[in-house]
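**Q** just coords:
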């Protein structure tokens, strides 16, 4: 079936380094992708999104890359900080109205 | 402040009891959603509503019920038919059209004793 998944369940990053979180998706009809950050015991927070007609989008310290050829999505965090420690989810939007399919998440741990 | 509120933050219930989780939003969003999250897993869609007085089942609706009598409110009832109700429950809302992002509430952690 269609699925969204992440390659690495846990990513350990040294403070100040760049982080790259990967996500594979299998629904070639998906036209919208979104990254969320979830801190322990809290609801997910929006980080950045991208439509399928784009291959790159930048925000503040974050960049999302979309490779439709291999159905791959990545989130890059520049100069990772302790406050970036969280679980990161990618999600894709189905072709129906407003439904998101979430991956399992990647735990990012920032070490000093 | 605009946003989504969920109450209570922690909820305990005895096995066999129904319990209702509250979700309110003042973002004037048309659509609202309920998700369930289990430890180490992603979010799974329980129910969603695109407009007042209308809602649809998500991927794991069995043992749950919802209502959407007001635009601002989308309460979720976890019934005794839900076999494994202990989880973290998240409510979200979104506006249709150009704004596709879903905004999430802080969540309710339900524990069945």
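**A** Good, I have the coordinates. Quick caveat, the model's predicted, so the values are computed rather than measured. Numbers count the residues shown, from 1 in each chain, chains lettered A, B, ... in the order given.
**Q** and chain A, which residues reach chain B?
**A** A:4, A:9, A:32, A:34, A:36, A:41-46, A:49, A:89, A:91, A:93, A:97-100, A:102-105 (CB under 8 Å from any CB of the partner chain). (C-beta placed from N, C-alpha, C; glycine too.)
**Q** narrow those residues to those in strands?
**A** A:4, A:32, A:34, A:36, A:45-46, A:49, A:89, A:91, A:93, A:100, A:102 (DSSP state E).
**Q** just the buried ones from those residues?
**A** Neighbour-count burial (16 or more other CB atoms under 10 Å in any protein chain shown) applied to those gives A:4, A:32, A:34, A:36, A:49, A:89, A:91, A:93, A:100, A:102.
**Q** for the last one, give me its contacts.
**A** Taking CB atoms under 8 Å, 6 or more residues apart in numbering or on different chains as the definition of contact, the neighbours of residue A:102 are A:4, A:89-91, B:35, B:42-44.
**Q** so how far is residue B:87 from the residue lying closest to it once chain neighbours are set aside?
**A** Nearest residue to residue A:102 in three dimensions, chain neighbours excluded: residue B:42, at 3.9 Å (CB to CB, 6 or more residues apart in numbering or on different chains). Remark: distance between residue B:42 and residue B:87 (CB to CB, to the nearest Å) = 12 Å.
**Q** residue B:13 touches residue B:77, doesn't it?
**A** No. Contact criterion CB atoms under 8 Å: residue B:13 and residue B:77 do not qualify, at 11.4 Å.
**Q** any regions of chain A where pLDDT drops low?
**A** Along chain A, segments meeting pLDDT under 70 span A:1-8, A:95-98.
**Q** picking that back up, just give me the closest of the ones in strands among the residues of chain A next to chain B to residue B:6.
**A** Nearest to residue B:6 among those: residue A:45, at 14.7 Å, using CB to CB.
**Q** list the beta-bridge partners for the closest one.
**A** Bridge pairing for residue A:45 (DSSP bridges) gives the partners residue A:37.
**Q** so which residues on chain B come close to chain A?
**A** B:4, B:6, B:31, B:33, B:35, B:40-45, B:48, B:50, B:58, B:90, B:92, B:94, B:96, B:100-107, B:109.
**Q** find the nearest non-adjacent residue to residue B:8, please.
**A** residue B:108 (6.3 Å).
**Q** test my guess that that neighbour contacts residue B:5.
**A** No. Using CB under 8 Å, residue B:108 makes no contact with residue B:5, being 10.5 Å away.
**Q** which of those two has more neighbours?
**A** Of the pair residue B:108 and residue B:5, residue B:108 is the one with more neighbours under other CB atoms under 10 Å in any protein chain shown, namely 23 against 13.
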